[in-house]
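> Take this sequence and fold it.
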Amino acid sequence: MMSNLFSIFDPSTNILFLSINWLSTIMGFMFMPYLFWLIPNRHYYFWYYTLKKLHDEFKTLLKNNYFKGSTFIFISMFTFILFNNLLGLFPYIFTSTSHLTLSLSMSLPLWLSFMIYGWLNNTNHMFLHMIPQGTPSILMPFMVLIETISNIIRPGTLAVRLTANMIAGHLLMTLLSNNGIMLPMYLTSILILLQILLMILESAVAIIQSYVISILMTLYSSEVN
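Numbers count the residues shown, from 1 in each chain. Here you go, the predicted model:
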């Protein structure tokens, strides 16, 4: 039962030993031509307004680390995760963000680059960041250990947060839909209503998770200087 349930996240569809399901990660480019229309439409203005708000917020979070164009990487991460989360809600489209392979490959290189930059250019600041201000001398070794562990597990927590949230909603909808065949008609209508509400909830989760991941990564980058 469990193997069949989790098989919806298994990228097993392949042609000539090439995994076709992972092509869903680049399906977001199908929506890009809207941005090149001669006369901008409402979709363009809405997307431009959203990215402008994100740019202003990331610029505020970066503080002294901000320079022209530094928010593009976080806006690109937000857009990429958002497209993949929303596309995964459509039937027969593989949810690539439900795999640690993808989420960890985004969070780990960025976190590692921030750490290398911080330790090479701002070594004293990185050491000071391990000990919060006002910490008693007897607790300093423990605080250094705790801060080091919490810093090391950051890319893993980011990846697991995204993966777990994507898996949880999909599993719940799958469990409910599998029992729909055996239910009487009056309960089936209630089940359909629940599925619609779950779909709305999952759409909100897809947007919130992409926002949370990009915000946290921005905060991590602002700590290295």
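
> All the strands of the protein, residue numbers only.
With DSSP state E, the ranges of strands along the chain come out as 14-15, 18-19.

> What about Thr71? Give its phi and psi, please.
Phi and psi for Thr71, reported as degrees, to the nearest 10, are phi -90, psi -10.

> Touching, it and Lys53? I think so.
No. Applying Cβ atoms under 8 Å, one finds Thr71 not in contact with Lys53, separated by 11.4 Å. Where C-beta positions appear, they are placed from N, C-alpha and C, glycine not excepted.

> hey, where'd the helices end up in this structure?
Using DSSP state H, the helices of the chain run over residues 2-6, 42-62, 72-87, 100-121, 123-129, 140-152, 154-178, 185-222.

> okay if I get those helices as a markdown table plus distance to Asn21 and mean neighbour count?
What follows is these, written out as a markdown table (distance: least, Cβ to Cβ, whole Å; neighbours: other Cβ atoms under 10 Å):
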| stretch | distance to Asn21 | mean neighbour count |
| --- | --- | --- |
| helix 2-6 | 14 | 9 |
| helix 42-62 | 27 | 14 |
| helix 72-87 | 12 | 20 |
| helix 100-121 | 11 | 16 |
| helix 123-129 | 40 | 12 |
| helix 140-152 | 31 | 12 |
| helix 154-178 | 14 | 17 |
| helix 185-222 | 18 | 15 |
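
> How about residues contacting stretch 201-214?
For stretch 201-214, contacts defined as Cβ atoms under 8 Å, 6 or more residues apart in numbering pick out 54, 58, 74-75, 77-79, 81-82, 85-86, 88-89, 107, 158, 161-162, 165-166, 169-170, 173.

> make it 10 Å
54, 57-58, 71, 73-89, 95, 97, 103, 106-107, 158-159, 161-166, 168-170, 172-173, 198 (Cβ atoms under 10 Å, 6 or more residues apart in numbering).

> For Leu158, see how far away Thr25 is.
In this view, Thr25 and Leu158 are 18 Å apart by Cβ to Cβ, to the nearest Å.

> same question, Met27
Met27 is 23 Å from Leu158, by Cβ to Cβ.

> re the thing from before, can you flag the weakest of the strands of the chain by average pLDDT?
Ranked by mean pLDDT, the strands of the chain end with strand 14-15 at the bottom, a mean of 60.

> about what we covered before: as TSV, the helices of the chain with mean pLDDT would be great.
Shown next, in TSV, are the helices of the chain (pLDDT from 0 to 100):
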stretch	mean pLDDT
helix 2-6	52
helix 42-62	85
helix 72-87	88
helix 100-121	87
helix 123-129	76
helix 140-152	84
helix 154-178	85
helix 185-222	87
